[in-house]
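Novice: Here you go, sequence then predicted model.
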Amino acid sequence: MATVNQPVILCTSSSTQSTLILKPSLDSSKSHNRAMASLKDPAQMASSSSGLTFKLHPLVIVNISDHHTRVKSQSQPPSADSSSSTSTSPSSRVFGCVIGVQRGRTVEIFNSFELLYDPSTHSLDRPFLEKKQELYKKVFPNFYILGWYSTGADAEESDMLIHKALMDINESPVYVLLNPLINHAQKDLPVTIFESEMHVIDGIPQLIFVRSSYTIETVEAERISVDHVAHLKPSDGGSAATQLAAHLTGIHSAIKMLNSRIRVLHHYLNAMEKGEIPPENSLLRQVSSLLRRLPAIESEKFQDDFLMEYNDTLLISYLAMFTDCSSTMNDLVDKINIAYDRHSRRGGRTAFI
């Protein structure tokens, strides 16, 4: 069987930062299938060796989640079966670009924007991408396109085509994948960051995805926004009691976490005092600084201020109760006067008050 001449493909390795030429081979499809099989198997997924440190901001996660929710609600009618909405179909996948800055070996992803995707050709709308890049460059001149994002349970074979298409903008793009499926047993965020590396599989260089670790980085504005979104009223018209229960549950979880951390710190200090572990001066200074921030609750001034605040709170509560009782009594007196006024017109009786 005669071999078919295939065009030469240029690929860029993110780990070596060099351009490699992939020569056509009869076993290229087999090795590619093996590469994709190892990609879909989490046990065989390789870890990144680039040494980059990734910092992901919550705004990116919120944007991707909002993009997926809007596309899914528009593509499915309201009368659709709820059981069918638990699965993620290829048509409900969303795509976009992530932007941020790279300082040395640290990559910080700040924001993202949506992209138009053609599922039939597995390609992005390039003019739309260039237009959005130009607009974002005017508002955020220091931000650059670091890669792209999508939704799904795992990376797919067609994702590599999109990844290679963005290499002319960024030679080592980042792939941020959000899994929209709900898994109550999972405690970590359903977000995975992939890098692309050149691996030799069956003697043939192949560009594959490798997982990279990341940390969540937030600023004050993002913390306020996330807290505001978390306390929004439910869309199903939840009552005030439901919101109060959710608020108290959040406070209880926070106090429980604080208690567990204080207990760990207390056990550590006890072990250090007993000589079981060597003392660490830097940690002791941090503990001392933390204790100085606590108020002196045993002082006489604290007791006086506490009792004053407590009495003021009780006084306001009593005044509110008296005001409510007075309002109720006034309503009752008005009703009695109206009743007596009607009888006085008939029998000549006087008003009650």
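Specialist: Yes, it's here. If you're wondering where the values come from, they're calculated on a predicted model, not measured in any experiment. Numbers count the residues shown, from 1 in each chain.
Novice: any chance you could map the helices in the stretch 251-353 of the chain?
Specialist: In the stretch 251-353 of the chain, the helices defined using DSSP state H, counting those that start in this stretch lie at 281-292, 300-347.
Novice: Name the surrounding residues that touch the shortest one.
Specialist: Same thing as helix 281-292. Applying Cβ atoms under 8 Å, 6 or more residues apart in numbering, the contact partners of helix 281-292 are 265, 269. From N, CA and C alone the C-beta is placed, and that goes for glycine too.
Novice: On the three-state scheme, Gln102 is what?
Specialist: Here Gln102 is recorded as strand under DSSP: H, G, I helix; E, B strand; the rest coil.
Novice: Reformat the helices of the stretch 251-353 of the chain as TSV; add mean neighbour count.
Specialist: TSV is the format used below for the helices of the stretch 251-353 of the chain (neighbours: other Cβ atoms under 10 Å):
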stretch	mean neighbour count
helix 281-292	10
helix 300-347	11
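Novice: Can you add mean pLDDT and distance to Asn270 and give those back as a markdown table?
Specialist: Below are the helices of the stretch 251-353 of the chain laid out as a markdown table (pLDDT from 0 to 100; distance: least, Cβ to Cβ, whole Å):
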| stretch | mean pLDDT | distance to Asn270 |
| --- | --- | --- |
| helix 281-292 | 85 | 12 |
| helix 300-347 | 84 | 27 |
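Novice: Which one of the ones you listed lies nearest to Ile204?
Specialist: helix 281-292 (50.9 Å; Cβ to Cβ).
Novice: so how far is the closest one off the chain centroid?
Specialist: 32 Å (Cα atoms, centre = their mean, to the nearest Å).
Novice: Output it as PDB, restricted to C-alpha atoms.
Specialist: Taking C-alpha atoms only, helix 281-292 is exported to PDB below (Å, rounded to 0.1, in the frame of the first residue of the first chain):
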ATOM      1  CA  ASN A 281      11.800  31.100  66.500                       C
ATOM      2  CA  SER A 282      10.000  32.500  63.400                       C
ATOM      3  CA  LEU A 283       6.800  30.600  64.200                       C
ATOM      4  CA  LEU A 284       7.000  31.700  67.900                       C
ATOM      5  CA  ARG A 285       7.200  35.300  66.800                       C
ATOM      6  CA  GLN A 286       4.200  34.900  64.500                       C
ATOM      7  CA  VAL A 287       2.200  33.300  67.400                       C
ATOM      8  CA  SER A 288       3.200  36.100  69.700                       C
ATOM      9  CA  SER A 289       2.200  38.700  67.200                       C
ATOM     10  CA  LEU A 290      -1.200  37.000  66.800                       C
ATOM     11  CA  LEU A 291      -1.800  36.900  70.500                       C
ATOM     12  CA  ARG A 292      -1.100  40.600  70.900                       C
END
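Novice: quick revisit: can I get the helices of the stretch 251-353 of the chain in JSON lines including distance to Gly152?
Specialist: Shown next, in JSON lines, are the helices of the stretch 251-353 of the chain (distance: least, Cβ to Cβ, whole Å):
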{"stretch": "helix 281-292", "distance to Gly152": "42"}
{"stretch": "helix 300-347", "distance to Gly152": "53"}
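Novice: closest one to Thr218 among those?
Specialist: helix 281-292 (21.3 Å).
Novice: So which residues make contact with the host helix or strand of Ser225?
Specialist: For Ser225, the element it lies in under DSSP states H and E is helix 220-230. Outside of helix 220-230, the residues within contact range by Cβ under 8 Å, 6+ apart are 57-59, 62, 218, 250.
Novice: Quick one: buried ones out of those?
Specialist: The neighbour count (16 or more other Cβ atoms under 10 Å) marks 57-59 as buried among the contacts of helix 220-230.
Novice: so what's Pro190 closest to, chain neighbours aside?
Specialist: Asn179 (3.9 Å; Cβ to Cβ, 6 or more residues apart in numbering).
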